[in-house]
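>>> missing the sequence, but the structure's below:
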């Protein structure tokens, strides 16, 4: 990862992961059983989405970002705008604190439900554990950019 993105970006991901582990005692951001494998289970899993981004992509929408995966990792690796939507205010506040602490200028955190972000478009979008699946598919479809945009769906923790 360091060869592709450089030591600064990888170090900033490491700082974010440390923040997640510290916050996990206060709110369940990731499963405790995944703390030992946080780099593989969360960071690298999120980073692999970068292989599916067109070079011309300008923005990314992470719907239901939860503990910041993949949104925060993408924001640290992607040069375009990353918007993370998280309805739980406490989690959104944590993510905003991470954005501020790490100085991520290309990231926005919205403490709201996905329905509140109508009118925003994104070249890529990710969705996490939205239920029911049919509703999440309809909701996600409303936020696609005009063709040739495609949706990347990441269902995870």
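Alright, I've got the coordinates. Just so you know, these numbers come straight off a predicted model, no measurement behind them. Residues are numbered from 1 along each chain as shown.

>>> so what does the helix or strand hosting residue 109 touch, helix or strand wise?
Using DSSP states H and E, residue 109 falls within strand 107-110. If you count contacts as 3 or more CB pairs under 8 Å, 6 or more residues apart in numbering; DSSP states H and E, strand 107-110 packs onto helix 71-77, strand 81-85, helix 89-102. Using the backbone N, CA and C atoms, a C-beta is placed for each residue, glycine as well.

>>> who touches the shortest one?
Taking CB atoms under 8 Å, 6 or more residues apart in numbering as the criterion, the residues outside strand 81-85 that touch it are 58-65, 68, 71-72, 74-75, 92, 95, 106-110, 112-114, 116-117, 120, 122.

>>> again, only using 6 Å
The list of residues contacting strand 81-85 from outside it, by CB atoms under 6 Å, 6 or more residues apart in numbering, reads 59-63, 65, 71, 74-75, 106-110, 114, 117.

>>> pLDDT check: weakest of these?
Least confident of these in the model: residue 117, at 71.

>>> burial count for that one?
Other residues near residue 117 come to 17 when the count uses other CB atoms under 10 Å.

>>> any buried residues in the helix ranked longest in the chain, and which?
Across the chain, the longest stretch assigned as helix under DSSP state H is helix 7-23. Within helix 7-23, the residues that count as buried by 16 or more other CB atoms under 10 Å are 9, 10, 12, 13, 16, 17, 19, 20, 23.

>>> likewise stretch 68-87?
Counting neighbours by 16+ other CB under 10 Å, one finds that the buried residues in stretch 68-87 are 68-78, 80-87.

>>> what about this structure, any weak spots by pLDDT?
Scanning the chain for pLDDT under 70 picks out 55-56, 118-157.
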